[in-house]
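1. would you be able to build a 3D model of this:
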Amino acid sequence: EGKTPPSESGDLRINIISGHFLPVPRGRATGSKVRVVVSLMGAAGDEKTYETKFEEGTLNPTWGDPTSPKEEAYRFRITRPEVAALLVQLVEPSEDSKKLPKTTLSSSSQQGHIAQACAPIGCIREGYRIIPLYDARCQPVFGFLFVRVWNDFLGS
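-> Numbers count the residues shown, from 1 in each chain. Here you go, the predicted structure:
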């Protein structure tokens with residue numbers, strides 16, 4: 001049950017394929033323009049952020065190809081997996097759409113934030129995965145992301 005986190009450095013790659021039943025931001029009647037921001041939190045040298053392009057007007061957006069090779073996925077080089085976590089955020093554009101959202105779970109007043117998920121690197125397994133989403137108060141929402149993960153850690 002309690003698996004120890006990998007102690008060797010390695011790569012984690014993730015391909016954001018699609019979103020399903022994504023929550024509609026308050027004040028909107030239909031789906032809005034959304035993107036996914038994927039951030040690695042942990043040791044200072046490991047921290048990195050990627051973002052998908054915006055998809056507009058759908059509750060079921062598609063960002064990636066499920067058959068894409070791992071070389072095309074977002075790559076995180078992790079040297080200290082025991083302190084690393086992956087944060088996935090669903091955001092909509094704000095007035096300053098070039099500014100990435102803060103990588104913190106406690107920022108409930110953050111403009112553009114719709115939903116999120118976070119997991120320690122040691123809990124992330126290879127393969128096609130469903131990522132359930134949570135609102136700013138860490139309450140589950142109905143929507144989820146469909147992703148493909150490659151985990152090159154020696155210990156996983």
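
2. show the pLDDT at Asp96.
-> With respect to pLDDT, Asp96 scores 52.

3. try Leu87
-> Listed pLDDT for Leu87 reads 97.

4. which residues in this structure form helices?
-> Assigned by DSSP state H, the chain shows no helices.

5. below-threshold pLDDT in it: ranges please.
-> 1-7, 26-31, 95-111, 153-156 (pLDDT under 70).

6. show me what contacts the residue nearest the centre of it?
-> The chain has Val88 as the residue nearest its centroid, 2.1 Å off, counting by CA atoms, centre = their mean. By CB atoms under 8 Å, 6 or more residues apart in numbering, Val88 lies in contact with 16, 36-39, 116-118, 131, 145. Just so you know, the C-beta spots here come from the backbone N, C-alpha and C atoms, and that holds for glycine as well.

7. these in strands, which ones?
-> Among the contacts of Val88, DSSP state E puts 16, 36-39, 116-118, 131, 145 in strands.

8. farthest pair in those?
-> Across these, the longest distance by CB to CB is 15.2 Å; it joins Ile16 and Cys118.

9. the two: which has the busier surroundings?
-> With neighbours defined as other CB atoms under 10 Å, Ile16 and Cys118 compare such that Ile16 has more, 24 against 16.

10. can you name the residues that contact that one?
-> Applying CB under 8 Å, 6+ apart, we find Ile16 in contact with 36, 38, 52, 63-64, 74, 88, 145, 147.

11. what is it paired to in the beta sheet?
-> Under the criterion DSSP bridges, Ile16 forms beta bridges with Val147.

12. tell me how far it lies from Pro23.
-> 17 Å (CB to CB, to the nearest Å).

13. how about Gly10?
-> According to CB to CB, Gly10 and Pro23 sit 33 Å apart.

14. one more: Lys33?
-> 14 Å.

15. in terms of neighbours, single out the busier of these two.
-> Pro23 (18 against 15).

16. name the nearest residue to the more buried one, ignoring sequence neighbours.
-> Residue nearest to Pro23 in three dimensions, not counting chain neighbours: Val141, with 4.6 Å by CB to CB, 6 or more residues apart in numbering.
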